[in-house]
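Chemist: sequence and predicted structure, then a few things I'm wondering about:
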Amino acid sequence: MGNHHTKTMAEQGRKLLAWYDVHARDLPWRVREQEPYKVWLSEIMLQQTTVAAVKDYYIKFITKWPKVEALAAAPLDDVLKAWAGLGYYARARNLHACAQLVAGQGGVFPRNVAGLMELPGIGPYTAAAIAAIAYDLPVAAVDGNVERVISRFYAIEQPLPLSKPRIKELAQALVPEKRAGDFAQALMDLGATICTPKSPACGNCPWADECAARAKGLASVLPYRFAKKKVPIRYGHVYWIENGKGSVLVRQRLMKGLLAGMAEFPSSDWLERAEDFVPPLSLKWKRVVGIVEHTFTHFHLELVVWRSQKKTPVLNGRFVAFAELQHEALPSLMRKVAAHALKSIKAK
């Protein structure tokens, strides 16, 4: 990336921000002083939902619970009632759990992507959006709109989802040092209002002159996607319980079903929809950032790992020293879990 390239990228950023200053959508959560609470609330509501559907709910929540402490203090039942109709109810339960965690930390949201991702209900996109919009950190928040804009601007013909890492990289390179939050919202607005999935309004686009897809006549067809061969996904939680002396709880799986009789870290059932974390024991649990993924023949599994401590064995398990885990009958899935948990312990 030569100097000239960096300059043209800065120029693209300026063009987009100039367009945004005139054409930004008027949305209730866009306030001059971007409060992290308001940004977070709107981003959680916008997951899997349209802007039109979210507006009234957002106003209702902000009026009822103007600060994160107020939301944290509300009974979960009230929050679920206020959420009714928005769908994907795990979001509401995560919202409440997250508010309680943040309120317990003095009402302050973490000021970095990694810290935000440790909170319930916040994945990579939401964390990046909050970091950029609330704290003006120079990170690219890549949602479906942004994937489409970047795919077209650079004429990326590799299909999604394979092109995701490349898109992320290119989007990140465009983020300006100042006004990163406005830039994040400008890209989303561009995708939502101009660079739409079908028949984009290229004539009104601030980037039309440099758009590679437009030059190639591909603007309305990119991004390409693989025809989906449906591998069902299952979800679960796995419990990493340490004894405080460098050992972790391991138990034997039942002699029936998948991985029968193998060693495992205790886990919830693997279900076809992601269920909320229900602690198997009343201990203090901390989520390990990220997920463990594993593909079996007939389904793909995503596990969230939770860490805790207990001096004595529980859940029909026994403690095994970290160094001895390699000698246990752990299937590759559980080895991935161990690697994931141990990495987070080493990082501390």
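Modeler: In hand now; what should we look at?
Chemist: Three-state assignment for the closest residue to Ala274 other than its chain neighbours, please.
Modeler: Nearest non-adjacent residue to Ala274, counting by C-beta to C-beta, 6 or more residues apart in numbering: Tyr235, 4.0 Å away. (Each C-beta comes from the backbone N, C-alpha and C, glycine too.) Here Tyr235 takes the strand state, with states given by DSSP: H, G, I helix; E, B strand; the rest coil.
Chemist: which residues does Tyr235 bridge with?
Modeler: Note on Tyr235: beta-bridge partners by DSSP bridges are Leu271, Glu302.
Chemist: that one contacts Phe299, doesn't it?
Modeler: No: judged on C-beta atoms under 8 Å, Tyr235 makes no contact with Phe299 at a distance of 10.3 Å.
Chemist: which one of the two has more residues nearby?
Modeler: Comparing Tyr235 with Phe299 by other C-beta atoms under 10 Å, the one with more neighbours is Tyr235, at 18 against 14.
Chemist: and the contacts of the helix or strand harbouring Leu17?
Modeler: Using DSSP states H and E, Leu17 maps to helix 3-23. Residues external to helix 3-23 that are found in contact with it (C-beta atoms under 8 Å, 6 or more residues apart in numbering): 173-176, 179, 182-183, 185-187, 189-190, 193, 206-207, 210.
Chemist: how far away is Gly257 from Ala329?
Modeler: 16 Å (C-beta to C-beta, to the nearest Å).
Chemist: those two: who's more crowded?
Modeler: Ala329 (13 against 8).
Chemist: leaving out chain neighbours, which residue sits closest to the more buried one?
Modeler: Ala329 sits nearest to Ala263 (C-beta to C-beta, 6+ apart), 4.4 Å away.
Chemist: quick check: phi and psi at the one you found.
Modeler: phi -80, psi 150 (degrees, to the nearest 10).
Chemist: show me what contacts it?
Modeler: 250-253, 328-331, 334.
Chemist: test my guess that Tyr57 contacts Leu86.
Modeler: Yes: the criterion here is C-beta under 8 Å, and Tyr57 meets it with Leu86 at 5.6 Å.
Chemist: where do the contact lists of the two overlap?
Modeler: Joint contacts of Tyr57 and Leu86 (C-beta under 8 Å, 6+ apart) are Met45.
Chemist: give the contact list for the spatially most central residue of the chain.
Modeler: Using C-alpha atoms, centre = their mean, the residue of the chain that lies closest to the mean C-alpha position is Gly123, 1.6 Å off. Counting by C-beta under 8 Å, 6+ apart, Gly123 makes contact with Met117.
Chemist: how far away is it from Arg111?
Modeler: Using C-beta to C-beta, one gets 18 Å for the distance from Gly123 to Arg111.
Chemist: next one: Ala127
Modeler: 11 Å.
Chemist: who's more crowded, the two?
Modeler: Set Ala127 next to Arg111 and count neighbours by other C-beta under 10 Å: Ala127 wins out with 24 against 13.
Chemist: hmm, who's touching whichever strand or helix holds the more buried one?
Modeler: Using DSSP H and E, Ala127 falls within helix 124-135. Contacting residues not belonging to helix 124-135 are listed as 34-36, 39-40, 43-44, 47, 109, 111-114, 116-117, 122, 137-143, 175, 180-181, 183-185 [C-beta under 8 Å, 6+ apart].
Chemist: buried subset of those residues as a ChimeraX selection?
Modeler: To isolate the buried members of those in ChimeraX, using 16 or more other C-beta atoms under 10 Å:
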select :34,35,36,39,40,43,44,47,109,113,116,117,122,137,138,139,140,141,142,143,175,180,181,183,184,185
